[in-house]
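Q: Fold the following, please.
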Amino acid sequence: MTAPTEATIESLRAGLDGSVLTPDDDAYEDARRVHNGLIDKRPGVIVCCLTAADVALALRAAGREELEISVRGGGHNVAGKAVTDGGLMIDLSPMKDVRIDPIASTITAGGGVTWGELNAAAHEHGLATTGGVVSTTGVAGLTLGGGVGWIMGKYGIAADNLVSAEVVLASGEIVQAGAETNPDLFWAIRGGGGNFGVVTSFTFRAYALSSVLGGVVVHPLPAARGVLKFFREITASLPDELMVFAALRHAPDGSGMKLCGIPVCDVSEDAARAEENVRPIREFGPPVMDHVERMAYPVVNTLIDDGFPRGYLNYWKSAFFTELSDDAIDKLVTAFEVTPTTLCFLVIEHFHGAVTRIDPTATAFPHRAPGYNLLIIAEWTDPAQTAECIAWARETFDALRPHMSDGVYVNYLDDDDANRVRAAYGPNYERLRDLKRRYDPENVFHLNQNIRPD
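A: Numbers count the residues shown, from 1 in each chain. Take a look at the predicted model:
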């Protein structure tokens, strides 16, 4: 790939509503960094876009010089695909507009909005939609990959609630995508990632929701095998309103204590019903800590933010379980007992309810079966521990492989998972490839979990 010429950089500066950063600019170093500190790439130029027209201008400029394109929304994706090394990075982070329509019950957010920002704006109107469980996650990347969230049992994932989107195609054409307008493109962007264009605006269906019963019930590690078996038991028959995950992580107070927690979020309108739904979880054990209480919906989406500090080094592995067997549970606990740092942890997400009642081919996101999704998070701060931490994640994954299905959530794929992209899309891969040929035949948008058009 070539580097941008000075003439291209000057033409961008002259034509943009936004701004341009090069390695000589003071703001460049911060702008090129993404959430995962393991990613260290240097774009030739960063185009900080304010409008869809800015994005179109950047794409045309890159096309003329055959510059590699990357697209940054929130910059949270672990694989670091938002940054090109030497090419042109389209930075959507300045696109922070959030508009709430309380009459239509919709939320419209720009491509640079985070879920914390969207949730706060919607909460002022008593509205919410399914978003990320970490508030600093970008709306764009999460939604394009599907969008697992606390209220998906009741309302489906983020992509299920997408009503329409503004998309800039590889040609620079700006189009709308929805059920009636460009429906194939609309199908593809609901789970197909950034393969088809730059989405500069998202409109979501919203629901009346101000507060939830949420938090975490915590047990000591010696109780973990029993807790995870209890988790398996209760998740066999959860109401749609109650979302329950499980996690093996260290105490956030810095003590290094190893814990097993069950995070919960119940959206029942009747507060008494929510208490009754959560009561068995709070009584099991008993726990050593119970941090479950009534809270504003935006707050529940910040409860695990401390586990994902910006700039820490990250490497992830993930897959869906065929079943959460006793042997799988034993391997999970054994692996957690030997984490190389106190920042490493394991998460099990449970799928049930509305997210599982949609046909796997209705959107590009195919993972609709009730069950469990495992996320192995290796996290560290000292670069000298990189090899050890990556090895722990891979060894844990390999030990659990006999209990895994082929499926994987595209948003959790790391940079060495290119061979698993087909598994991420399952029965939808061939249709996605056909649409890639239609909308991006030259594979301009290849810095993603890529669906090759050839």
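Q: show me the contacts for the residue nearest in space to the middle of the chain.
A: Centroid-nearest residue in the chain, with CA atoms, centre = their mean: Leu142, separated by 3.8 Å. Each residue near Leu142 by CB atoms under 8 Å, 6 or more residues apart in numbering is listed here: Gly74, His76, Trp115, Gly131, Gly132, Ala158, Asn411. Every C-beta, even on glycine, is put in place using the N, C-alpha and C of the backbone.
Q: neighbours around the residue lying closest to Tyr28 once chain neighbours are set aside, how many?
A: The spatially closest residue to Tyr28, leaving aside those adjacent along the chain, is Leu21, at 4.6 Å (CB to CB, 6 or more residues apart in numbering). Residues near Leu21, counting by other CB atoms under 10 Å, number 21.
Q: and Leu21, bridged to which residues?
A: Ile46 (DSSP bridges).
Q: I'd guessed it sits against Gly44; true?
A: No. Counting by CB atoms under 8 Å, Leu21 stays clear of Gly44, with 10.5 Å between them.
Q: ok so the residue nearest to the centre of the chain is a helix residue?
A: Yes. Checked against DSSP: H, G, I helix; E, B strand; the rest coil, Leu142 lies within a helix.
Q: where along the stretch 301-450 of the chain do the strands fall?
A: Assigned by DSSP state E, counting those that start in this stretch, the strands in the stretch 301-450 of the chain fall at 313-320, 345-351, 371-380.
Q: Off-centre distance for the last one?
A: The one in question is strand 371-380. 13 Å (CA atoms, centre = their mean, to the nearest Å).
Q: With stretch 31-46 instead?
A: 18 Å.
Q: Check the average confidence over it, would you?
A: On average, the pLDDT along stretch 31-46 is 97.
Q: Tell me the predicted confidence for the residue nearest to the centre of the chain.
A: Leu142 is assigned 98 on the pLDDT scale.
Q: Then Val148?
A: At Val148, pLDDT is 97.
Q: Next, count neighbours for it.
A: When neighbours are counted by other CB under 10 Å, Val148 registers 26.
Q: now do Asn419
A: 7.
Q: helices or strands next to the strand or helix carrying Val217 in the packing?
A: Taking DSSP states H and E as the definition, Val217 sits inside strand 211-220. With contacts defined as 3 or more CB pairs under 8 Å, 6 or more residues apart in numbering; DSSP states H and E, strand 211-220 has these neighbours: strand 258-266, helix 271-283, strand 289-290, strand 293-296, helix 297-300.
Q: Switch those over to JSON lines; also include mean pLDDT and mean neighbour count.
A: Putting the helices and strands packed on strand 211-220 into JSON lines (pLDDT from 0 to 100; neighbours: other CB atoms under 10 Å) gives the following:
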{"stretch": "strand 258-266", "mean pLDDT": "98", "mean neighbour count": "25"}
{"stretch": "helix 271-283", "mean pLDDT": "98", "mean neighbour count": "16"}
{"stretch": "strand 289-290", "mean pLDDT": "96", "mean neighbour count": "15"}
{"stretch": "strand 293-296", "mean pLDDT": "98", "mean neighbour count": "14"}
{"stretch": "helix 297-300", "mean pLDDT": "97", "mean neighbour count": "23"}
